Structures are given as C-alpha cells and as structure tokens.
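**Student:** show me the folded form of this:
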Amino acid sequence: MPRKKGSLNKLTTEVKEKLQVVIDKVIDNIDKSELDNNQKIKLLQIGIQYIVPRLKHTTNDDGWFEQPLFPDIEVIKRNEEGNWESRILTNEVNTETD
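**Tutor:** So this is what the prediction gives:
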C-alpha cells in the first residue's frame, strides 16, 4: 500500500539522520585552525546548502486577467447617401500589470 501524499518517507528520514551524525563527527574532527580563510568559506558554502532551505521561484500571477463585460460591437447604420456602413467598437482593457 503506498504511503499518503505529503507523509514523510521513512527510509529518506533514516538516511538523513545517519548522514547528519556522520557529518557532525567529520566536522568535529576537522582542525579548523589549520584551514585558511578560503577553505573556511568553501566549507561554509557547502554546508549551508544543506541547512538553509532553497527558495522557490514565486509569482503573483494567479491566472486571472481582466476581461471586458461586452465583446467588440459592430455598429451598422445608413450613411447620408443611404448606403449601409459598419464600424467596430472595441472595448479596450488596460493590460498593465502591477
């Protein structure tokens, strides 16, 4: 039977815990006084990837956009000579986004 959506994977959790123990032991055994500044910075860069959660790309676009209440309207009327003429009235919507 598959696990519920959103529930933690037991194997992944166990592996992460064991890795954390190993990493803690390795870091405790590193003689930080022997590292130069570049090595210390590199150690921080690598370690921080596993501590600080990565940011995901987000957007304010919720998929909604403004639509006109009435579509384009064609007006047909007779001109002064008695002939039919038509013109399209467009309903322009402001498409600027905030």
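
**Student:** CA atoms for contacts and neighbours, from now on please.
**Tutor:** Will do.

**Student:** need the contact list for residue 35.
**Tutor:** Contacts for residue 35 (CA atoms under 8 Å, 6 or more residues apart in numbering) come out as none.

**Student:** I misspoke; the intended subject was residue 83.
**Tutor:** Contacts of residue 83 (CA under 8 Å, 6+ apart): none.

**Student:** ok, now residue 73?
**Tutor:** Going by CA under 8 Å, 6+ apart, the list of residues near residue 73 reads 88, 89, 90.

**Student:** go through the residues you listed and say which is closest to residue 65.
**Tutor:** The nearest member of the contacts of residue 73 to residue 65, counting by CA to CA, is residue 90 at 17.6 Å.

**Student:** skipping adjacent residues, who's closest to the closest one in space?
**Tutor:** residue 72 (4.6 Å; CA to CA, 6 or more residues apart in numbering).

**Student:** what number of residues lie near the one you found?
**Tutor:** Burial measure for residue 72: 12 neighbouring residues, criterion other CA atoms under 10 Å.

**Student:** for it, give me phi and psi.
**Tutor:** The phi and psi values for residue 72, taken as degrees, to the nearest 10, are phi -60, psi 140.

**Student:** and the helix ranked longest in the chain, how far out from the chain's middle?
**Tutor:** The longest helix of the chain (DSSP state H) is helix 10-29. Centroid separation for helix 10-29 versus its chain: 30 Å, with CA atoms, centre = their mean, to the nearest Å.

**Student:** quick check: buried residues in it?
**Tutor:** Within helix 10-29, no residue is scored as buried using 16 or more other CA atoms under 10 Å.

**Student:** no further questions, thank you.
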